[in-house]
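Q: need coordinates for the below:
(chains A and B)
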Amino acid sequence: MAEILTKSRARNIFYGGSLFFVVVFVLLTWQSHHHIVARSTAGMPLTEAVVHGKHVWERNSCINCHTLHGEGAYFAPELGNVMTRWGVQDDPEGAFEIMRGWIDAQPSGIEGRRQMPHFELSDEDVRGLAEFLRWADQTDTQGWPPNDAG
Amino acid sequence: MRYQTQQIAYWYFLAALALFAVQVLGGLTIGYIYIQPNFLAEVFPFHIVRMVHTNALIVWLLLGFFGAAYFLVPEESETEIFSSKLAYLQLIILLVGTLGAVIGYGFKVHGGREFLEQPLWVRLGILVAAVIFLFNISMTVLRGRKTAITGVLLTGLWLLSLLWVFAFINPANLSLDKMYWWFVVHLWVEATWELVMAAVLAFILLKLTGVDREVVEKWLYVIVATALFSGILGTGHHFYWIGTPGYWQWIGSIFSTFEVVPFFLMMSFAFVMVWKGRRNHPNKAALLWSLGSSTVAFFGAGVWGFLHTLHGVNFYSHGTQITAAHGHLAFFGAYVAMNLAIITYAMPILRNREPFNQVLNMTSFWLMTGGMAFMTFTLTFAGTIQTHMQRVMGEYYMTVQDDLVIFYIMRFGSGVAVVLGALLFIYSQLVVRKQEVIRPGRANPAPETSDPIPGE
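A: The predicted structure is shown next:
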């Protein structure tokens, strides 16, 4: 072993092998990029409202309490399927109204209950957020989450 | 200290330790919000404090890596750092950026991609600092002796800096956003950072055990080869449920299973080198941190990572407290502890004192490691129950969370131990200058000084 695997061979295996795996990874990523655009997120157009909603989502750092497709903080509920949970996935107007009501009702102020902060959002912001979450909900996530509880 | 410019590392380590304190205090605060949800809810809500907690962690670990590079590259290359002015400029840029970001978070100025919340000017500042660093260190290595340790260290640091480019790429398509986001997050902590960690570990073991350089460096290449061979395609374990194709479930499961290997090798490497080593180095605390780091990294990153990496398991456990348990122990073992190991090794040299016994430092090791282990167990239990109630039984998130309070209370207790350990560590490094209590045994006395023994 010690004779066959010299230091310079070990070095060559490291650099050569890593390069190989980088190439494979880049090819698979390229294919995945196309899969995402052409298939898994193609069920609903990426409208201006959806893009605006993503900015609202980011500007208010929602990810640091909630998860989205299971990624984020684990302090508040999963939102990748919240529109299904609320029963408004196919109802843009209903999604807007329930979202408006939810945002305006925060924080609940209930003692001993986790508090969602108050966010100043215009109607355009709320509509965008609702559309963004509807858009996220229609993504083909290979059947995840296992149930509506998220 | 053999090279004057190694002193640069001192200031990097100081800055790193200051942010370490901020990080653990932030963590303790959000740990408290978990059990007392109205605490600070109006002034500093959970999401703001969490950004401070995670961002401070990332920046102080990077500062530690930079400091480690400035400390070990002169010794490895047998030459002074190319430019100490550039090194201090880099530190100032990083500190201004960090302070700006943290103060900004208090006023709700932040982005919204997890861990990359820094405003654009801070992210650009980090890029500039990284370029300065790479130039400075590469020039140093190029004009001096080239070793496997500096080669691997530089490969890791170059790649992680290149990957930072993806911090600026934010597609409007959420699934694309997530896929490229992992190019920074996963390929940092499960690939390029492992190179830095392994190089630092190899350097410390070389110094502490006196094992032949050829042996150490061959191990190093094997370890980093297994890290990248498994870690690059192992990114697939983040591509199960975000809109990426189904084949990642197999690629991710298979390759991320092998991600255990580099951590097992690093642990074996550390112990084998200590057994083989003939040198009785007086800095026992650095030895404890090195062995501890590689062991806890094996459990935190390796075992706890494997626990939920197979796609059949991850389908149920994804995004629960299981992930939090793994994240905490992995970061602590692999990167926090390895940084504290190099700081423990370097500080006596940088402050021009002998290492003594460093009893307080070793106490802090057990406080922090014990605390982190307990935290991991409580979160694993919480996550197991959460997975069953929410993902199998289908009960709603908040209903389940109310049943987990007992675990969050225990987690808070373990957090107190970690904070005490962290503060004790900082105190032991910066304040204590006198001999501490334990005297060496007569049978195998540790030498009083470390200087006369060369590194080879």
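Q: what is the mean pLDDT for the host helix or strand of B:Met338?
A: For B:Met338, the host element (DSSP states H and E) is helix B:337-350. Mean pLDDT, helix B:337-350: 96.
Q: residues near the residue in the stretch 51-200 of chain B that chain A sits nearest to, how many?
A: For the stretch 51-200 of chain B, the residue closest to chain A is B:Gly112, as judged by Cβ to the nearest Cβ, at 2.7 Å. (C-beta placed from N, C-alpha, C; glycine too.) Look at B:Gly112: counted by other Cβ atoms under 10 Å in any protein chain shown, it has 20 neighbours.
Q: pLDDT score for B:Ala41?
A: B:Ala41 is given a pLDDT of 85.
Q: just the element for it, please.
A: Counting by DSSP H and E, B:Ala41 is found in no helix or strand.
Q: correct me if wrong: it contacts A:Gly112.
A: No - at 11.4 Å, B:Ala41 does not count as touching A:Gly112 under the criterion of Cβ atoms under 8 Å.
Q: so who does the closest residue to B:Ala285 other than its chain neighbours touch?
A: Leaving aside its chain neighbours, B:Ala285 sits nearest to B:Gln358 (3.6 Å; criterion: Cβ to Cβ, 6 or more residues apart in numbering or on different chains). The contact partners of B:Gln358, taken as Cβ atoms under 8 Å, 6 or more residues apart in numbering or on different chains, are B:Asn283, B:Lys284, B:Ala285, B:Thr344, B:Ser428, B:Glu436.
Q: OK, contacts around the residue of chain A found nearest chain B?
A: Nearest residue of chain A to chain B, counting by Cβ to the nearest Cβ: A:Glu58, 2.7 Å away. Counting by Cβ under 8 Å, 6+ apart, A:Glu58 makes contact with B:Gly111, B:Gly112, B:Arg113.
Q: so the first one touches B:Trp121, yeah?
A: When you say that, I think you mean B:Gly111. No - using Cβ under 8 Å, B:Gly111 makes no contact with B:Trp121, being 11.4 Å away.
Q: between the two, which is the more surrounded one?
A: B:Gly111 (21 against 13).
Q: not counting residues beside it along the chain, what's closest to that one?
A: In space, B:Gly111 is closest to B:Glu117, 4.7 Å off (Cβ to Cβ, 6+ apart).
Q: sec struct for the residue most central in space within chain B, please.
A: Per Cα atoms, centre = their mean, the C-alpha nearest to the average position across chain B is that of B:Tyr335, at 1.9 Å. Per DSSP: H, G, I helix; E, B strand; the rest coil, the local secondary structure of B:Tyr335 is helix.
Q: in contact with it, which residues are there?
A: B:Tyr335 neighbours (Cβ under 8 Å, 6+ apart): B:Leu61, B:Val189, B:Trp193, B:Met197.
Q: generate a PyMOL selection restricted to the buried entries among the residues you listed.
A: To isolate the buried members of those in PyMOL, using 16 or more other Cβ atoms under 10 Å in any protein chain shown:
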select buried, chain B and resi 61+189+193+197
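Q: any stretches of chain A with poor pLDDT?
A: A:1-2 (pLDDT under 70).
Q: not counting sequence-adjacent ones, nearest residue to the residue of the stretch 301-450 of chain B at minimum distance from chain A?
A: Residue nearest to chain A within the stretch 301-450 of chain B: B:Gly319 (3.2 Å; Cβ to the nearest Cβ). In space, and not counting its chain neighbours, B:Gly319 is closest to A:Gly70: 3.2 Å by Cβ to Cβ, 6+ apart.
Q: ok, that neighbour - contacts?
A: Counting by Cβ under 8 Å, 6+ apart, A:Gly70 has contacts A:Glu78, A:Gly80, A:Trp144, A:Pro145, B:Trp241, B:His318, B:Gly319.
Q: so is the fifth one in a helix, a strand, or just coil?
A: Just to be clear, that refers to B:Trp241. coil.
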